[in-house]
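Engineer: Next input, structure requested:
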Amino acid sequence: MLKPQIDTEFKTFNPRDYLNEYYTHIGNENLNLLKFFVKAYKHISKNSLMLEFSGGPTIYPLISAAPLVSKIHFADYLDKNLNEIKLWKKNSPEAFNWKPFIIQALQIEGRKKIKDEDIIRRENLIREKLTRFFYCDAHKIDPLGKKYRNYYHLVNVNFVTDSITSSKKTWKQLITNICSLVRKGGILAMSALKNATYWRAGNNFFPAVDINEKDIKKILNRLGFKILNLNSIKAEVVDEKSPDYEGYKGMMFVIAKKLDFF
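Structural biologist: All right, here's what the predicted structure looks like:
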């Protein structure tokens, strides 16, 4: 495959292209993502305040969080992503269908017989807990403003810092900025692409940074986090010559706690 043209300014990004690219089925990658969140949320305190940072047009990280957290704040850089989430919150017929993900998450949580009312109950709970929407900018020292420094018990960051730059120096600063939102004793739950050169949505390609587990360990330790769990999986397609290659070799999942004395 020829090296694609990378849109570093996200002018061509379309939320529906992204959703159709990655979330129309639950393969191994999405299954592991849902399992990761169930595992991560076991580390949070009851009634934690959660931030989904730069969540894009997706709600899958919120499914297993909703019964455990007091409120969910949702932030993104793009209005069109926030609009997708607002459509879902309003139960609009135009909203993306997340029911298969909700069913799968409930199964991972241990539910054996899932009825329609179980799905509706979880949908309603997510909508109830999803209380605020923010504009965020990971490139700023205070991505949500100074008020929210050391603010959240739980910060979710999924395919953000690794997927908006190809510079490792910039990636380190992005991680630093976002981690400032986690309060002492709080939890960071982060998923990231491994050994990536780009990622794509539809016919458009976007930047990614080439990082691995060692890079994540090093930066989080420097920022005063204790890593509770770090694991990775291979991408569903790793052959760069394949037309289905997405631009990355794997996914990494990390759960880390911000130390009280840092």
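Engineer: In the beta-sheet assignment, what are the partners of the residue nearest in space to the middle of the chain?
Structural biologist: Nearest to the mean C-alpha position of the chain, by CA atoms, centre = their mean, lies Asn158 at 2.2 Å. Using DSSP bridges, the beta-bridge partners of Asn158 come out as Ser191.
Engineer: Let me see the contact set for it.
Structural biologist: 33, 55-56, 58, 61, 190-191 (CB atoms under 8 Å, 6 or more residues apart in numbering). (C-beta placed from N, C-alpha, C; glycine too.)
Engineer: repeat for Ile59
Structural biologist: If you count contacts by CB under 8 Å, 6+ apart, then Ile59 has 85, 88, 98, 126 around it.
Engineer: Let me know the pLDDT of the closest residue to the last one other than its chain neighbours.
Structural biologist: Right, the one you point to is Ile126. Spatial nearest neighbour of Ile126, excluding adjacent residues (CB to CB, 6 or more residues apart in numbering): Ala66 at 4.5 Å. Model confidence at Ala66, given as pLDDT, is 98.
Engineer: Now do Ala66 against Leu125, distance only.
Structural biologist: Per CB to CB, to the nearest Å, Ala66 is found 5 Å from Leu125.
Engineer: neighbour-wise, which of these two wins?
Structural biologist: Ala66 (22 against 15; other CB atoms under 10 Å).
Engineer: check which helix or strand covers the more buried one.
Structural biologist: Element membership for Ala66, per DSSP states H and E: none, as it lies in no helix or strand.
Engineer: for the stretch 1-150 of the chain, what are the low-confidence residue spans?
Structural biologist: For the stretch 1-150 of the chain, the stretches with pLDDT under 70 are 1-3.
Engineer: in it, which spans are helices?
Structural biologist: 15-22, 28-40, 79-89, 99-109, 116-129 (DSSP state H, counting those that start in this stretch).
Engineer: Take those and lay them out in CSV including distance to Arg200.
Structural biologist: Formatted as CSV, these follow (distance: least, CB to CB, whole Å):
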stretch, distance to Arg200
helix 15-22, 7
helix 28-40, 14
helix 79-89, 17
helix 99-109, 21
helix 116-129, 28
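Engineer: out of these, nearest to Thr176?
Structural biologist: helix 28-40 (20.8 Å; CB to CB).
Engineer: Show me what that closest one is packed against.
Structural biologist: helix 99-109, strand 182-194, strand 225-234, strand 250-258 (3 or more CB pairs under 8 Å, 6 or more residues apart in numbering; DSSP states H and E).
Engineer: Could I get the contacts of Asn158 in TSV, plus columns for neighbour count and distance to Tyr198?
Structural biologist: Shown next, in TSV, are those (neighbours: other CB atoms under 10 Å; distance: CB to CB, whole Å):
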residue	neighbour count	distance to Tyr198
Leu33	24	20
Gly55	27	21
Gly56	24	17
Thr58	24	19
Pro61	26	23
Met190	26	20
Ser191	22	17
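Engineer: how close does the residue lying closest to Trp98 once chain neighbours are set aside sit to Lys217?
Structural biologist: Computed as CB to CB, 6+ apart, the closest residue to Trp98 that is not its neighbour in sequence is Ile59, at 5.5 Å. Distance, Ile59 to Lys217, by CB to CB: 29 Å.
Engineer: Using a markdown table, lay out the contacts of Asn158 together with distance to Leu230.
Structural biologist: A markdown table is the format used below for those (distance: CB to CB, whole Å):
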| residue | distance to Leu230 |
| --- | --- |
| Leu33 | 15 |
| Gly55 | 22 |
| Gly56 | 23 |
| Thr58 | 22 |
| Pro61 | 17 |
| Met190 | 10 |
| Ser191 | 11 |
